[in-house]
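Enquirer: Dropping the sequence and predicted coords here.
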Amino acid sequence: MVASLAVVAVDLAAPLFGQSLKEKVGENNKVGEEVRKVDQAEAAAVLANDLPSIEKYWAEDFTVNAPNNRIVRGKKDVVALVKGGILDYAAFDRTVEAVLVQGNTVVIMGEEKVKPKGNAPLTGQTVRRRFTNVWIKRDGQWQLTARQATIISKE
């Protein structure tokens, strides 16, 4: 009951600050869906080894806390991993479980199942990992700015 009253109070007070809670939630849902689509397109570009698209999605300051327990800083260094065959997949399935919208920043969390191929570590295995992607809108474009992935199982 107290929690319900708090929500009503926030909803009633929100117009004093320029936007109702319902409007804000609706706007956040729209932005969240937009970035979900961009996030899935980025995963598809990585699977296809589509460097022009990958470079469009990744920010210049893209930083990755990688599954190999290393931090990779800068798009140039992460792209080098793609070019070197270290990031190369026969299968890549990303399931989004949470989306948090905060202005021009969106955090996406969930699970990935990948099957590395070629020179990539764990080639031929199915790798499950938890991930967090941080997207920031810069100059009208959503860019992946930070990423963390942790392996939870290998089959």
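Expert: Looks like it arrived, so ask away. Numbering: from 1, shown residues only.
Enquirer: need the contact list for residue 116.
Expert: 88, 89, 90, 122, 123, 124, 125, 127 (Cβ atoms under 8 Å, 6 or more residues apart in numbering). In short, each C-beta sits where N, CA and C put it, glycine included.
Enquirer: Of the residues you listed, keep whichever come out buried.
Expert: Among these, those scoring as buried are 88, 89, 127 (criterion: 16 or more other Cβ atoms under 10 Å).
Enquirer: Could you tell me the phi and psi values at the first one?
Expert: Listed backbone geometry of residue 88 is phi -150, psi 120, with angles given as degrees, to the nearest 10.
Enquirer: by contact count, what packs against whichever strand or helix holds residue 82?
Expert: Using DSSP states H and E, residue 82 sits within helix 75-83. Helices and strands touching helix 75-83, by 3 or more Cβ pairs under 8 Å, 6 or more residues apart in numbering; DSSP states H and E, are helix 51-57, strand 58-65.
Enquirer: Of the ones you listed, flag the one that's most buried.
Expert: Of all those, strand 58-65 has the most neighbours on average by mean count of other Cβ atoms under 10 Å, namely a mean of 18.
Enquirer: Run the chain-centre distance for that strand.
Expert: Remark: strand 58-65 is offset 11 Å from the chain centroid, using Cα atoms, centre = their mean, to the nearest Å.
Enquirer: what is the mean pLDDT for that strand?
Expert: Per-region confidence: strand 58-65 scores 97 on mean pLDDT.
Enquirer: Next: stretch 101-114.
Expert: 96.
Enquirer: how far is that stretch from where the chain is centred?
Expert: Its chain's C-alpha centre and that of stretch 101-114 lie 4 Å apart, by Cα atoms, centre = their mean.
Enquirer: ok, so what distance separates residue 67 from residue 48?
Expert: Applying Cβ to Cβ, to the nearest Å, the value for residue 67 to residue 48 is 20 Å.
Enquirer: do the same with residue 115
Expert: Residue 115 sits at a distance of 14 Å from residue 48 (criterion: Cβ to Cβ).
Enquirer: Then residue 126?
Expert: 19 Å.
Enquirer: And these two? Which one has more around it.
Expert: Neighbour totals were compared for residue 126 and residue 48, and residue 126 leads with 15 against 12 (other Cβ atoms under 10 Å).
Enquirer: Please give the element, helix or strand, for the most centrally placed residue in the chain.
Expert: Closest residue to the average C-alpha location of the chain: residue 133 at 2.8 Å, with Cα atoms, centre = their mean. Take DSSP H and E as the rule and residue 133 turns out to sit in strand 127-138.
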